[in-house]
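1. how would this look folded up:
(one chain, ligands or ions: 2)
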Amino acid sequence: MSQENMTTSDPETTNTESDQLIDTDPGRGGLDESSGRGSVTSANTVIEARNVNVWYNDDQALNDIDMRIPKKQVTAMIGPSGCGKSTFLRCINRMNDLVDAARIEGELLFNGKNVYDSDVDPVALRRRIGMVFQHPNPFPKSIYDNVAYGLRLQGKTDNMDQRVEDALKSAALWDEVKDRLDESGTDLSGGQQQRLCIARAIAPDPEVLLMDEPASALDPVATSQVEDLIADLAEEYTVVIVTHNMQQAARISDKTAVFLTGGELVEFDDTQKIFENPESQRVEDYITGKFG
Ligand SMILES: Nc1ncnc2c1ncn2[C@@H]1O[C@H](COP(=O)(O)OP(=O)(O)OP(=O)(O)O)[C@@H](O)[C@H]1O
Ligand SMILES: [Mg+2]
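-> Ligands and ions are numbered 1, 2, ... in the order given. Model prediction:
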């Protein structure tokens, strides 16, 4: 993927070009049961980590991660505090570039292109791979301007009202805010703010949404709304979510990756398999609460 392709502003063109980036090499197709790939075939892989190692100064945070994240599914990442979940998420859209101490080795492919190649523009990459954080962080601007923000940056100013409405509808927030679009995003409830942040992330029409514990600061009702929303979003987007809540991972994800202490990806498979019949004893111990 050239930098020009990644900065393309026309959504039609962007989709076409990103489709061309999908690795459809038949030589690597077919089911692959090897560790870390979770039966994800190369043809439906959007993100692929190959031997990813990350250090913060001299401390290793991720250890040889191999993983294929499938298109238009929800992939959950679980594991004890400090095992590297957020680090891995931030590597995918190069948010870790912003951390001086961080160093990465290995390859992280997005539709077959290494996002760490010198011709990739990280800002353009983050438009294709959006991010939602643990604490809702709307800008101190109107609800409308929050959603319009990324579109304006891209120069996508035509049909703005419609684009804003569509994003708010996709984020299941439209009905609650359609009569108060001029009010500040920061005046919404926590759950509404988080859905506003999701609307802001999806307005520029990304392909992948990374979510780092998006519901952990919300009450149960708002959590359940965000969970329902994530299931809907996976019809359009590839969703990668970090969660501390194992029930939540079991409820909303198709695939689950279990990271354990030492920054290791110990098991990655269908969510049902991970929770009902994991291969690894360490994963079983973690899932059943024996440690972690
Ligand atoms: N900016 C940073 N500078 C130095 N070390 C860091 C930084 N960010 C994370 N680390 C270290 O990297 C390791 C992995 O951290 P990370 O935040 O990825 O874990 P996590 O699995 O997301 O944990 P949690 O569940 O608590 O959010 C930890 O040992 C952490 O202290
Ligand atoms: Mg974290």
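
2. what is the burial count for Pro140?
-> Neighbours of Pro140 under the rule other CB atoms under 10 Å: 10. From N, CA and C alone the C-beta is placed, and that goes for glycine too.

3. and the gap between it and Glu176?
-> Relative to Glu176, Pro140 is positioned 20 Å away (CB to CB, to the nearest Å).

4. same check on Asn114?
-> Taken as CB to CB, the spacing of Asn114 relative to Glu176 amounts to 41 Å.

5. so which bits of this protein are right by ligand 1?
-> Proximity of the chain to ligand 1, by CB under 6 Å from any ligand atom, involves residues 56, 61, 79, 81-87, 99, 101.

6. again, only using 8 Å
-> 54, 56-57, 59, 61-62, 79-90, 99, 101-102, 212-213, 242, 244, 259, 263 (CB under 8 Å from any ligand atom).

7. so which of these sit within helices?
-> 85-90 (DSSP state H).

8. could you dump the residues you listed to TSV with neighbour count?
-> Formatted as TSV, those follow (neighbours: other CB atoms under 10 Å):
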residue	neighbour count
Lys85	26
Ser86	20
Thr87	23
Phe88	27
Leu89	22
Arg90	20
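
9. columns pLDDT on top of the residues you listed, output as a markdown table?
-> Shown next, in a markdown table, are those (pLDDT from 0 to 100):
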| residue | pLDDT |
| --- | --- |
| Lys85 | 97 |
| Ser86 | 96 |
| Thr87 | 97 |
| Phe88 | 97 |
| Leu89 | 97 |
| Arg90 | 96 |
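
10. on that earlier part again, of the residues of the chain next to ligand 1, grab the buried ones for PyMOL.
-> Burial among those is assessed by 16 or more other CB atoms under 10 Å; the matching PyMOL selection reads:
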select buried, resi 54+61+62+79+83+84+85+86+87+88+89+90+102+212+213+242+244+259+263
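
11. any weak-confidence spans in this structure?
-> Low-confidence segments of the chain (pLDDT under 70): 1-39, 291-292.

12. quick one: the strands in it?
-> For the chain, applying DSSP state E gives strands covering 45-56, 59-70, 74-78, 102-110, 113-114, 129-132, 208-212, 238-242, 255-260, 264-270.
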